[in-house]
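**Q** Mind folding the following:
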Amino acid sequence: MHKFAAQSADLKKAKLAHVLGSPIEHSLSPVIHNAAYKFLKLPYKYSAIEANIESCLEIFNKLQHGEIFGLSLTMPLKETAFAFADVVTDNCTRSKVANTLVYRDGKFVAENTDVYGISQVLKQQVKLLDEPWTIFGTGATARSAICALNGLGISNVNVIGRNELKLHELELDFGVKTTQLGAKVPVKNLISTLPGAAQLEFGYLMENVSYLFDVNYGSWPTTLADKLVNSDAVIVNGLPLLVNQAQMQIEIMTGQQVPIDVLFEAIAHLG
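**A** Okay, here's the model as predicted:
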C-alpha cells in the first residue's frame, strides 16, 4: 500500500475527486476512476474540471475541507501542484512535477504516478532496457519518462526538443544528453511526450525507429505513429500509461486497491 494511501479519517467527508487541466474535455480519467469506485462499491464521483494555473489554486485549497478527497493534474498544472505541496514524494522530487494531490495530517501531499505508469509500460520491453533511448519533448511528461528510465537502470537517454533552455535544464537536473530539434541523430527506442500537433517537425527522425511509446491516446494514430504503420515497429499508445498511473492514484485517494483489469475493461472499447 502506498505510503500516503488514505485512511478512514481522511475520508470522513469524502464525496468528490477531480482531474484538473486545460484542455480537459478529452480526459478518460473520469471513466477509469468511476469504474474503480463502482467496483469498490464506494459512493464517490470523479469528474473533469477545466482549470488553468490561475484558477487551480482555489480548488487545491478545497482539499483541506474533506469533501474533495483527491485531485489529478494534467497539463499545464503539474509543475504548479509540485510547487504548491507541503510534502512531496521521491518521484516528485526527482521530476519536479506532480500529477496527484491529496491532504494528509494537515498538509498538502503530492505524488507523481506518471513515473510508475511509464515504468509499467516499459517493463514489457525487457530486451530493450539495455539499449539507448530517445525522448521527444521537454515538458512534465518528459521529466517523468526520464525518471522512469533511470529507475529501470537506463542512463543512456537523449532528449530532443525545440526549447534550448528546457533542454539545458534537463541536462543539469538529470545528466541526460540533449539534442536541438533539427539535428539528425539515430533514434531506435522512442518515447514521445509531444502533443499531436507538435509532432510534425519531428517526423524526419522516425526512419529507424523500432519501438514507439507515444503518450497520446486521443486521435490515433498520431503523426509519429502513422509513419510506422507499415513497418515492423512496436507501437504503444498512451492508454496503458493512463491506466497504470490511475491505479496508483486510486490507491492513494481511496486507500483501496483495484485490479488493473477492471480499469482496462473500463476503456476496452477504445482499444
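
**Q** Once you drop chain neighbours, what's closest to the residue nearest the centre of the chain?
**A** Central residue check for the chain by Cα atoms, centre = their mean: the C-alpha nearest the mean position is that of Asp114, 3.5 Å away. Spatial nearest neighbour of Asp114, chain neighbours left out: Ser144 (3.9 Å); criterion: Cβ to Cβ, 6 or more residues apart in numbering. For the C-beta atoms, the positions are set from N, CA and C on the backbone; glycine is no exception.

**Q** where does the one you found land in three-state SS?
**A** Following DSSP: H, G, I helix; E, B strand; the rest coil, the label given to Ser144 is helix.

**Q** hang on, isn't it packed against Ile118?
**A** Yes: using Cβ atoms under 8 Å, Ser144 makes contact with Ile118 at a distance of 5.9 Å.

**Q** Tell me which of those two has more neighbours.
**A** Counted by other Cβ atoms under 10 Å, Ser144 and Ile118 do not tie: Ser144 has more neighbours, with 31 against 28.

**Q** In terms of secondary structure, what does the helix or strand containing Leu224 contact?
**A** Per DSSP states H and E: Leu224 is located in helix 223-226. Counting contacts by 3 or more Cβ pairs under 8 Å, 6 or more residues apart in numbering; DSSP states H and E, helix 223-226 is packed against strand 211-214.

**Q** Not counting the strand it packs on itself, show me its contacts.
**A** 118, 121-122, 125, 128, 188-192, 222, 224-225, 228, 233-238, 241 (Cβ atoms under 8 Å, 6 or more residues apart in numbering).

**Q** Show the average pLDDT along the longest helix along the chain.
**A** For the chain, the longest helix by residue count, based on DSSP state H, is helix 239-254. Mean per-residue pLDDT for helix 239-254: 98.

**Q** Around the closest residue in space to Phe202 that isn't next to it in sequence, how many other residues sit close by?
**A** Spatially, and ignoring its direct neighbours in sequence, Phe202 is nearest to Phe136 (5.4 Å; Cβ to Cβ, 6+ apart). Phe136: 26 surrounding residues under other Cβ under 10 Å.
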